[in-house]
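**Student:** any chance you could fold what I've pasted below:
(one chain, ligands or ions: 1)
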Amino acid sequence: MALKIYLGGKLVDEADAKISVFDHGLLYGDGVFEGIRVYGGKVFLHRQHIDRLFESAKAIRLVIPMTPEQVIDAVEQTVKANNIGDGYVRLVVTRGAGSLGLDIRRTSNPQVIVIADTISLYPPETYTKGMNLVTASTIRNHPGALSARIKSLNYLNNILARIEGTDAGMVEALMLNHKGEVAECTGDNIFLVKNGVVRTPGPDAGILEGITRNAVMQLATEAGYRVEECSLTRHDLYVSDEMFLTGTAAEVVAVVSLDGRTIGSGEPGPITRDLLARFQALTRSGA
Ligand code: PXG
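**Tutor:** Numbering: from 1, shown residues only. A predicted model of the protein is given here:
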C-alpha cells in the first residue's frame with residue numbers, strides 16, 4: 001500500500017514526496033534525523049527523540065522551521081494516516097535547497113520529512129542465540145571532526161564499518177574511537193556485564209547517546225544493578241560475562257562472540273535477558 005509522507009507541512013502521497021536535487025541534505029549530507037519506534041500505535045519515547053533532534057540541529061546550526069510540539073504533531077499525524085500499529089518512524093530535517101557550494105547562507109527552506117512504515121529487524125535467531133561481532137578497522141569519527149552525538153545525515157563512517165561486518169557474515173560491527181577505546185556499534189550502543197556490574201562507554205567515548213541506551217541504564221538501575229559509564233577496551237569485552245547491544249531497532253540483543261572469542265557461556269546471559277524483558281515491558285507500557 002502506498003504510504004502517506006509528511007513533507008512541506010502536509011501529508012502527500014508517496015509518489016509525490018519529492019525534494020530538490022539541490023537540497024544540501026543530498027549534496028552534502030547536511031541535515032539531521034531520528035529513527036523512532038511505534039508500539040501499539042503510540043510513538044515510543046517521543047519527547048526524548050524530538051529533544052535529540054533539536055539538539056543535533058542546534059549543533060549543526062540548522063534552525064528547524066517548526067516548534068518541537070509541531071514536530072510531535074506531524075509525527076503523530078503521519079503514524080495515524082498510515083495506520084501504523086507496530087512500526088517505525090524516520091524523521092529527517094535537511095538544510096534545504098541551495099546553490100552548489102558549502103555556504104549555508106545560500107540555502108533556504110529546510111525540509112522536515114516524516115516517513116512512517118514497518119520496520120526491518122534483526123533475524124529472530126539473533127534474539128534466541130545471540131549475535132556474533134567483529135571489530136571494524138574503521139574507527140568512529142573523531143569528535144573533533146564530527147561529534148558522534150549529532151545524529152546527522154553523514155552516516156558514511158558507520159556504513160564503512162558496517163560493510164566490514166557484512167563481509168565477515170555479521171549483522172553488526174564494533175567500532176573503536178580514536179583512542180582505541182570501545183565506542184559503539186554502527187547503529188547500536190554496547191554494554192558489558194562483569195561480576196554483576198553493567199558497564200557502557202560514556203558520551204565522552206565519542207558515541208551517539210542512544211535513547212534505548214539511556215532507557216536501559218535507567219531500568220537496570222531501578223532493578224538494583226550497579227551501572228557504570230566508563231572507558232572500556234576490547235580486552236574488557238573479551239573477558240566479560242555478558243555483552244549486549246541496545247538500539248531503537250534492536251531493543252536489547254545479546255552478543256555471544258567478539259573477534260572469535262566466546263563471550264561468557266556463549267549464550268544470552270541472565271542479566272541481558274532480564275533487561276530485555278524489562279525493556280519490552282516498558283514498550284508495552286505506553287511510555
Ligand atoms: N549508535 C548509533 C551510531 C546509532 O545510529 C544508536 C547508537 C542507538 O540509538 P537509539 O537512540 O536508537 O537507541 C544508533 C541508532 C536505521 C536506524 O534505520 C539506526 C538507528 C536507529 C534506528 C534506525 O539504520 N541508529
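
**Student:** going forward, measure contacts between C-alpha atoms and count neighbours the same way
**Tutor:** Will do.

**Student:** list the contacts of the lowest-mean-pLDDT helix or strand in the chain.
**Tutor:** One helix or strand of the chain scores below all others by mean pLDDT, DSSP states H and E: helix 124-129, with a mean of 94. Helix 124-129 is contacted by residues 253, 254, 256, 267, 268 when judged by C-alpha atoms under 8 Å, 6 or more residues apart in numbering.

**Student:** SS state for the second one?
**Tutor:** When you say that, I think you mean residue 254. strand (DSSP: H, G, I helix; E, B strand; the rest coil).

**Student:** what's the burial count for the closest residue to it other than its chain neighbours?
**Tutor:** Leaving aside its chain neighbours, residue 254 sits nearest to residue 244 (4.2 Å; criterion: C-alpha to C-alpha, 6 or more residues apart in numbering). By other C-alpha atoms under 10 Å, 26 other residues sit near residue 244.

**Student:** just confirm residue 244 is within a strand.
**Tutor:** Yes - counting by three-state DSSP, residue 244 is part of a strand.

**Student:** check contacts around it.
**Tutor:** 190, 191, 192, 252, 253, 254, 255, 272.

**Student:** am I right that residue 233 is in contact with residue 181?
**Tutor:** Yes - Residue 233 is in contact with residue 181 according to C-alpha atoms under 8 Å; the separation is 5.0 Å.

**Student:** what's the separation between residue 190 and residue 166?
**Tutor:** 18 Å (C-alpha to C-alpha, to the nearest Å).

**Student:** which one of the two has more residues nearby?
**Tutor:** Neighbour count, other C-alpha under 10 Å: between residue 190 and residue 166, residue 190 has more, with 27 against 13.

**Student:** SS state for the more buried one?
**Tutor:** Relying on three-state DSSP, one would call residue 190 strand.

**Student:** partner residues bridging it?
**Tutor:** Beta-bridge partners recorded for residue 190 (DSSP bridges): residue 245.

**Student:** ok, now which ones touch it?
**Tutor:** 183, 184, 200, 201, 243, 244, 245, 246 are the contacts of residue 190 under C-alpha under 8 Å, 6+ apart.

**Student:** quick check: residues of the stretch 51-200 of the chain near the ligand?
**Tutor:** 186, 187, 188, 189 (C-alpha under 6 Å from any ligand atom).

**Student:** redo that, cut-off 5 Å
**Tutor:** Residues of the stretch 51-200 of the chain lying close to the ligand by C-alpha under 5 Å from any ligand atom are 187, 188, 189.

**Student:** dihedrals phi and psi, the closest residue in space to the second one that isn't next to it in sequence?
**Tutor:** This points to residue 188. Leaving out its chain neighbours, the residue that sits closest to residue 188 by C-alpha to C-alpha, 6+ apart is residue 247, at 4.8 Å. In terms of degrees, to the nearest 10, the main-chain angles of residue 247 are phi -180, psi 160.

**Student:** and for residue 113?
**Tutor:** phi -120, psi 130.

**Student:** just send the contacts of residue 190 back as CSV, with pLDDT too.
**Tutor:** CSV is the format used below for the contacts of residue 190 (pLDDT from 0 to 100):
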residue, pLDDT
183, 98
184, 98
200, 99
201, 98
243, 98
244, 98
245, 98
246, 98
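
**Student:** among those, name the buried ones.
**Tutor:** Burial by neighbour count, 16 or more other C-alpha atoms under 10 Å: within the contacts of residue 190 this picks out 183, 184, 200, 201, 243, 244, 245, 246.

**Student:** tally of neighbours for residue 278?
**Tutor:** When neighbours are counted by other C-alpha under 10 Å, residue 278 registers 16.

**Student:** brilliant, that's me finished.
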